[in-house]
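Q: this one's sequence-less:
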């Protein structure tokens with residue numbers, strides 16, 4: 001049975017075009033090494049606006065698709081379109097349930113959209129007929145909190161984080177007593193990588209897939225951590241602590257993240273998108289002036305960074321490429 005309405009990017013339910021509100025963004029350069037990644041005249045472009053909370057972008061079928069979490073909708077945007085269009089609704093809370101939609105999105109090797117579904121508390125694959133297949137919904141018999149973000153390895157292994165952000169206050173009760181970082185293989189076996197991190201969020205792999213990065217959105221200790229996948233159980237190390245960057249002018253914490261082909265880390269954080277080298281040196285920031293949720297590589301050459309920042313969909317053309 002179909003559980004979702006799946007539409008093309010030219011869907012009849014196009015997101016209404018509205019005047020773009022004033023957007024003030026800038027690029028902060030902290031190290032000359034940033035010039036190799038972003039041209040000195042790089043600009044932040046506003047592509048669409050008016051969303052409730054934009055999240056989880058991924059490049060698919062020649063355009064960018066992304067979640068609007070509270071609106072239980074996946075939107076899509078392509079070059080030349082005046083507005084974003086509805087791609088999938090409902091996206092994460094199905095069958096008329098009152099709950100949060102999808103958050104993190106990815107595309108598997110077969111071209112399927114894979115979603116962290118807050119409302120259903122699972123990771124699921126969207127099939128060609130519009131139905132969903134659950135890839136992971138429980139660990140040791142207990143439901144997840146609300147899978148938040150994911151990354152798919154070349155082997156097909158799906159790594160994902162499970163903070164409680166998608167739980168409905170007062171009605172959804174956590175069954176797990178921790179916020180986990182997990183992996184699920186093609187057979188559906190779920191493995192726990194770490195249960196000690198509060199509020200794990202964005203997740204990404206190094207180009208050689210030997211290192212797993214996790215953005216931690218703990219309001220008291222927002223940071224980027226890393227795991228050596230060749231040494232299971234070794235625990236994490238801190239790559240960059242962003243807590244000191246927080247201020248009334250620089251909203252948000254470490255949330256979504258991506259890695260480029262050279263191993264540089266592009267993580268959302270206080271003020272926008274923080275650009276770190278593979279050793280954690282802060283080279284600069286794309287300052288959006290918004291609480292910024294996530295980012296993704298796109299374009300035919302994968303050299304454009306698409307950014308979901310509160311009500312905005314943005315992009316910045318770079319001099320590097322996604323890994």
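A: Sure thing, it's come through. Every value quoted in this text rests on a predicted model; they were computed, and no experiment measured them.
Q: and the next element down the chain from the helix or strand of the chain with the lowest mean pLDDT?
A: For the chain, the helix or strand with the lowest mean confidence is strand 5-6, at a mean of 44 (criterion: mean pLDDT, DSSP states H and E). Scanning forward in sequence from strand 5-6 by DSSP states H and E, the next helix or strand is strand 26-29.
Q: Over that following strand, what's the mean pLDDT, rounded is fine.
A: Strand 26-29 carries an average pLDDT of 98.
Q: Dig out what residue 292 forms beta bridges with.
A: Here residue 292 shows beta-bridge partners residue 309, assigned using DSSP bridges.
Q: Please look at it and residue 309 and confirm they touch.
A: Yes - using C-beta atoms under 8 Å, residue 292 is in contact with residue 309, at 4.2 Å. In this view, the C-beta of every residue, glycine as well, is placed from N, C-alpha and C.
Q: Which residues are in contact with each of the two?
A: Common contact partners of residue 292 and residue 309 (C-beta atoms under 8 Å, 6 or more residues apart in numbering): residue 272.
Q: quick check, residue 67 in a strand?
A: Yes - membership of residue 67 in a strand is supported by DSSP: H, G, I helix; E, B strand; the rest coil.
Q: Isn't it up against residue 56?
A: Yes - look at residue 67 against residue 56 with C-beta under 8 Å: they come within range, at 4.3 Å.
Q: neighbour count winner among these two?
A: Using other C-beta atoms under 10 Å, the more surrounded residue of residue 67 and residue 56 is residue 67, with 34 against 29.
Q: What residues does the more buried one make contact with?
A: Residue 67 makes contact with 54-56, 73-75, 91-92, 101-105, 115, 308, according to C-beta under 8 Å, 6+ apart.
Q: What segments of the stretch 151-300 of the chain are helices?
A: Counting by DSSP state H, counting those that start in this stretch, one finds no helices in the stretch 151-300 of the chain.
Q: which residues of the chain score low on pLDDT?
A: 1-21, 96-98, 170 (pLDDT under 70).
Q: Tell me which residue is most central in it.
A: residue 56 (3.6 Å; C-alpha atoms, centre = their mean).
Q: List the contacts of that one.
A: Residues in contact with residue 56 (C-beta under 8 Å, 6+ apart) are 66-67, 102-105, 116, 149, 256, 293-294, 308.
Q: and if we set it to 7 Å?
A: Applying C-beta atoms under 7 Å, 6 or more residues apart in numbering to residue 56 gives the contacts 66-67, 102-105, 149, 294.
Q: in the stretch 1-150 of the chain, which spans are strands?
A: Remark: strands assigned in the stretch 1-150 of the chain by DSSP state E, counting those that start in this stretch are 5-6, 26-29, 45-49, 54-60, 63-68, 73-77, 85-89, 102-107, 113-117, 122-126, 132-136, 138-139, 142-143, 150-152.
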